[in-house]
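> can't give you the sequence, but here's the structure:
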């Protein structure tokens, strides 16, 4: 059974750094892309980016390029999303999700994590 | 403002049928496959339709999808209270080089 289990809720102050995780199991981690999706309070879903763990090929949505860093650790089949300096506008629920790609384009997301609530407030 | 446009809410009685629309453009829905997700707040979203009209294994045949031109539609028949959730459409946008979603539609089963 494919499972994506995310780290717990975080409360941070503006300017602080943060790294949240997505532990996967039930499939060959190296052979599938994995990505992140943001949901701001009361808003819809926004795709942030994806990574291919086998070679660390990483692709970002233009809206998030330079704002976050996506990484993966093959040895523990875990993906990460990190910020170097959080802003209040980063307050959101962040979902990891496994996409399927065709010709480099995301076709759909077939498995999702339960979400990590990140609250940034002074 | 989402790239794909969905109605904020729809409602219907138990046992009835409901449709949820998703409108886009030639750079997204018009030339790429559409998927649909069911999301109960606080839980992981679930893929219910992929490739416009295909159901993943384990998804009830009460769920159906279609695409015509630059719009897509999710249909749910035999509505149950357990179907109450937010539903999102998604696809690839070739101009943005990004996966995009609709703003979500809240389904209420009265």
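Structure received. This one's a predicted model, so the numbers in the text were calculated from it and none came from an experiment.
> contact residues of chain A facing chain B?
Contact residues (C-beta under 8 Å from any C-beta of the partner chain) of chain A with chain B: A:4, A:37, A:43-47, A:61-63, A:95, A:97, A:99, A:105-115. In short, each C-beta sits where N, CA and C put it, glycine included.
> give me the buried subset of these.
A:4, A:37, A:44-47, A:61, A:95, A:97, A:99, A:105-115 (16 or more other C-beta atoms under 10 Å in any protein chain shown).
> which strand in chain A runs the most residues?
Looking across chain A with DSSP state E, the single longest strand is strand A:92-102.
> the next helix or strand after that one: partners in the sheet, and parallel or antiparallel?
Of the helices and strands lying after strand A:92-102 in sequence (DSSP states H and E), the nearest is strand A:105-112. Partners of strand A:105-112 in the sheet, by DSSP bridges, are strand A:92-102 (antiparallel).
> which residues does the one residue sitting closest to the centre of chain A contact?
For chain A, the residue nearest the mean C-alpha position is residue A:36 (2.9 Å; C-alpha atoms, centre = their mean). If you count contacts by C-beta atoms under 8 Å, 6 or more residues apart in numbering or on different chains, residue A:36 has them with A:22, A:48-50, A:68, A:70, A:79, A:81, A:94-97.
> a markdown table for those, including pLDDT?
Below are these laid out as a markdown table (pLDDT from 0 to 100):
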| residue | pLDDT |
| --- | --- |
| A:22 | 98 |
| A:48 | 97 |
| A:49 | 96 |
| A:50 | 95 |
| A:68 | 98 |
| A:70 | 98 |
| A:79 | 98 |
| A:81 | 98 |
| A:94 | 98 |
| A:95 | 98 |
| A:96 | 98 |
| A:97 | 97 |
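> what's the closest non-adjacent residue to the residue lying farthest from the centre of chain B?
Residue farthest from the centre of chain B, counting by C-alpha atoms, centre = their mean, is residue B:95 at 21.5 Å. Among residues not flanking residue B:95 along the chain, residue B:27 sits closest, at 4.0 Å (C-beta to C-beta, 6 or more residues apart in numbering or on different chains).
> before we move on, what about residue A:110?
Spatial nearest neighbour of residue A:110, excluding adjacent residues (C-beta to C-beta, 6+ apart): residue B:47 at 5.2 Å.
> what of residue B:93?
Excluding the flanking residues, the one nearest residue B:93 by C-beta to C-beta, 6+ apart is residue B:28, at 4.2 Å.
> that neighbour: neighbouring residues, count only.
26 (other C-beta atoms under 10 Å in any protein chain shown).
> so who does it touch?
Residues counted as contacts of residue B:28 (C-beta under 8 Å, 6+ apart) are B:3-4, B:70, B:91-95, B:100.
> need those residues in JSON lines with secondary structure, can you?
Listed next are those as JSON lines, based on DSSP: H, G, I helix; E, B strand; the rest coil:
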{"residue": "B:3", "secondary structure": "coil"}
{"residue": "B:4", "secondary structure": "strand"}
{"residue": "B:70", "secondary structure": "coil"}
{"residue": "B:91", "secondary structure": "strand"}
{"residue": "B:92", "secondary structure": "strand"}
{"residue": "B:93", "secondary structure": "strand"}
{"residue": "B:94", "secondary structure": "coil"}
{"residue": "B:95", "secondary structure": "coil"}
{"residue": "B:100", "secondary structure": "strand"}
